[in-house]
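Student: Provided below are the primary sequence and the corresponding predicted coordinates.
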Number of protein chains: 2
Amino acid sequence: MGSLTTTRRWVLAKRPAGIPDDTTFALKEQPLPALEEGQVKVRVTHFSLDPGMRPALSQDTYVGATPIGSLITSAGLGVVEESADEKLKVGDLVTGGFGWQSALVAKSRHCVKQNPALFQGRVTPTAAIGILGIPGMTSWFGLKNIATLKEGETVLISSASGPVGATAGQLARLMGAGRVVGIAGSKSKCDWLTGEAGFDACINYRETDNLAVAMRDATGGGADIYFDNVGGEMLDAAITALKPGGRIAVSGQLSEYNNPEPRGIRNTLPFITQRLTMRGFVVLDYVREFAEAGTQMVQWINDGKLLYLEEVIDGIENAPTAYAGLFTGENFGRRLIHVG
Amino acid sequence: MGSLTTTRRWVLAKRPAGIPDDTTFALKEQPLPALEEGQVKVRVTHFSLDPGMRPALSQDTYVGATPIGSLITSAGLGVVEESADEKLKVGDLVTGGFGWQSALVAKSRHCVKQNPALFQGRVTPTAAIGILGIPGMTSWFGLKNIATLKEGETVLISSASGPVGATAGQLARLMGAGRVVGIAGSKSKCDWLTGEAGFDACINYRETDNLAVAMRDATGGGADIYFDNVGGEMLDAAITALKPGGRIAVSGQLSEYNNPEPRGIRNTLPFITQRLTMRGFVVLDYVREFAEAGTQMVQWINDGKLLYLEEVIDGIENAPTAYAGLFTGENFGRRLIHVG
């Protein structure tokens, strides 16, 4: 107690053009303030590396842009080290939007207390900021509320070995989809998806000449739903591989985040002829329903019906390099930093 | 009777690159076949010029493409000249997908018998292939079923002086919209929209430096609905002028129809951050509900609450030139050919 007096934190040093590099971020050490009533001191054990945070780095005009010199945002998992609020005790496991840093003083109401009983069997504590956090909830509500998945439908998923895509594919099956097809960037990723994760088929986009044709073939004549994590050319191809009445859930736009000028899509005409719907969402809009979804997912995880992969990288100093790797396809599963 | 033995018909001579011209179409005269049981002979008085037909001229790969040498498709209004079906009598007024031609022999079940009592007061017979036909129904179902217009919402409409746009704007108001903003290509069009047609504001896109800013200003901070007849750059701008939860009803893509390579949109990222929905439709999916919508529209027309403009051009030989003019913005209201 009291031994934790400083935090090491990554701040935005320079707005990146393209994929962030060594000049984008700067690691600073600064003292933690004294606790006020209603606050807690948290030692962060893990934080997440989120591709969806990338647009906030780019432009001052972007809604919610990260100011230069400000902490990089992310989900975090930690332990309460000191408390000035009766609702949290020393030793409690908490999650929150802690950012890329090793410790913080936060209002206790900005921390979500985690039930340690949850993290047994196949469920690790880091699942709280992974499959049971934003990425998993994005999969769940994207399928249920945005794509409105119905029994027997065919679901096509991009970035399918990423934390959102892999969960979406498995959840689609558990929610009653008839056929689940992933798109990923290597044979080993595809093998895992069609093997362990139970996808019906996987397209390795790096080995495919004509993505649209590959999508139509792999889906068996077209998909009802395209769960989109990528945008751009892949989305354009998927639009031509949807059945009439097809729905696109816009979960992420990975291929656009580093583009100074977005590519977007060319195929708007099929929206009319094929009666397509494209809908984006922010998963925090469904936060009141997270607990119910989480309970079901924990059960499926413990039953061995729902797998998740985590890549835990040691050392806060490795965050920028690990983050850049999200955009070159080197990651496989949820990428986290273990602060250590 | 029997005097009508031939039809003059426009067929597709050559697939156009860009806006159709004199080489695109060819006018042929051919004999009408003898009537068989269940058929009628129709003298066509008027047919429509539809921008939405344009993609079918372009590519053999397009679903529903018009074959070379085939009749150009359109809605038609005509009079029964001979009947071999008890359901239709000589002199009956009928509509149907008659195409660009002066007469035809058709199955009677492919003809919709019109009630002449409807066409009095302010309602002309040509309304049957205009505001009470595909364009008007596109406005109605686009607002109701696709954009799901709610009381008090702000609606932004492109190609607002066209038959779909002008009707959509007036219907939006009659259905409870709080603010209706049009986009059109001349001062006189804008004056008509904000004057006679009761739009709250109109943007003359030819006189606007920054369309996105003009849209945000004219809507008073953003629209709930963008009723899109144009696509491309205008759609891209509108995406940035939608409120959170905004909906785009994709009714037409006028700016794309003549592009060999579609432009599409760049702005897919706001679908996530602003929770946008874009949905296309084919109005014939709602054909069972047309009668109910038509009854309401006739009442509003006769009450002077719903206006429609028609440009009737005399002479079947003028169809190609009149059609090309749809893409340069010279038309104002529903453009029809009076076969004469």
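Tutor: The structure has been received and is ready for your questions. Residues are numbered from 1 along each chain as shown, chains lettered A, B, ... in the order given.
Student: And the contacts of the lowest-mean-pLDDT helix or strand in chain A?
Tutor: Within chain A, no helix or strand scores below helix A:55-58, which has a mean of 90 by mean pLDDT, DSSP states H and E. Residues from elsewhere that reach helix A:55-58 (Cβ atoms under 8 Å, 6 or more residues apart in numbering or on different chains): A:12, A:15-16, A:20, A:24, A:62, A:64-66, A:73, A:257, B:269, B:273. C-beta: built from backbone N, CA, C; applies to glycine.
Student: Between these, identify the one with the most neighbours.
Tutor: The most crowded member of the contacts of helix A:55-58, judged by other Cβ atoms under 10 Å in any protein chain shown, is residue A:20 (25 neighbours).
Student: show me the contacts for that one.
Tutor: Applying Cβ under 8 Å, 6+ apart, the residues near residue A:20 are A:54, A:57, A:320, A:323, A:324.
Student: hmm, try it at 6 Å
Tutor: residue A:324 (Cβ atoms under 6 Å, 6 or more residues apart in numbering or on different chains).
Student: go on, residue A:327?
Tutor: By Cβ under 6 Å, 6+ apart, the neighbours of residue A:327 are A:19, A:258.
Student: and it, what pLDDT?
Tutor: Listed pLDDT for residue A:327 reads 91.
Student: cool, residue A:52 as well?
Tutor: Residue A:52 is given a pLDDT of 89.
Student: Does the closest residue to it other than its chain neighbours belong to a helix, a strand or coil?
Tutor: Using Cβ to Cβ, 6 or more residues apart in numbering or on different chains and skipping residues adjacent in sequence, the residue nearest residue A:52 is residue A:252, 5.6 Å away. Under DSSP: H, G, I helix; E, B strand; the rest coil, residue A:252 falls in the coil class.
Student: Test my guess that residue A:252 contacts residue A:229.
Tutor: Yes: with contact defined as Cβ atoms under 6 Å, residue A:252 and residue A:229 form a contacting pair (4.0 Å).
Student: tell me which element residue A:135 is part of?
Tutor: Counting by DSSP states H and E, the element that carries residue A:135 is helix A:134-141.
Student: same deal with residue A:9?
Tutor: Going by DSSP H and E, residue A:9 is part of strand A:6-12.
Student: likewise residue A:180?
Tutor: Counting by DSSP H and E, residue A:180 is found in strand A:179-184.
Student: ok, and what's touching that strand?
Tutor: Residues from elsewhere that reach strand A:179-184 (Cβ under 6 Å, 6+ apart): A:154-158, A:160-161, A:169, A:172-173, A:190, A:193, A:199-203, A:205, A:218-219.
Student: likewise stretch A:238-256?
Tutor: In contact with stretch A:238-256 (Cβ under 6 Å, 6+ apart) are residues A:51-52, A:138, A:142, A:146-147, A:159, A:164, A:212, A:215-216, A:222-232, A:262, A:267, A:270, A:274-278, A:280, B:268-269, B:271-272.
Student: Among those, name the ones in helices.
Tutor: A:138, A:164, A:212, A:215, A:216, A:232, A:270, B:269, B:271, B:272 (DSSP state H).
Student: Which of the residues you listed sits closest to residue B:121?
Tutor: residue A:270 (40.8 Å; Cβ to Cβ).
Student: Now do the contacts for the closest one.
Tutor: By Cβ under 6 Å, 6+ apart, the neighbours of residue A:270 are residue A:239.
Student: Please report the distance of it from residue A:278.
Tutor: According to Cβ to Cβ, to the nearest Å, residue A:270 stands 11 Å off from residue A:278.
Student: same question, residue A:69
Tutor: 36 Å.
Student: quick one: which of those two has more around it?
Tutor: In this view residue A:69 and residue A:278 are compared by other Cβ under 10 Å, and residue A:278 has more residues nearby, 27 against 10.
Student: Tell me if I am right that residue A:95 is in a helix.
Tutor: No: applying three-state DSSP, one finds residue A:95 to be strand, outside a helix.
Student: so what's it bridging to?
Tutor: residue A:77, residue A:112 (DSSP bridges).
Student: can you pull the pLDDT of it?
Tutor: 97.
Student: Surely it is in contact with residue A:112?
Tutor: Yes: counting by Cβ under 6 Å, residue A:95 touches residue A:112, with 4.9 Å between them.
Student: Just give me the neighbour total for residue A:163.
Tutor: Neighbours around residue A:163, by other Cβ under 10 Å: 30.
Student: Repeat that for residue A:145.
Tutor: There are 16 residues near residue A:145, going by other Cβ under 10 Å.
Student: could you check the distance from it over to chain B?
Tutor: Going from residue A:145 to chain B by Cβ to the nearest Cβ, to the nearest Å gives 11 Å.
Student: excluding its backbone neighbours, what's nearest that residue?
Tutor: That would be residue A:286: by Cβ to Cβ, 6+ apart, it lies 6.5 Å from residue A:145.
Student: In this structure that neighbour contacts residue A:140, no?
Tutor: No: assessed by Cβ under 6 Å, residue A:286 is found out of contact with residue A:140, at 8.3 Å.
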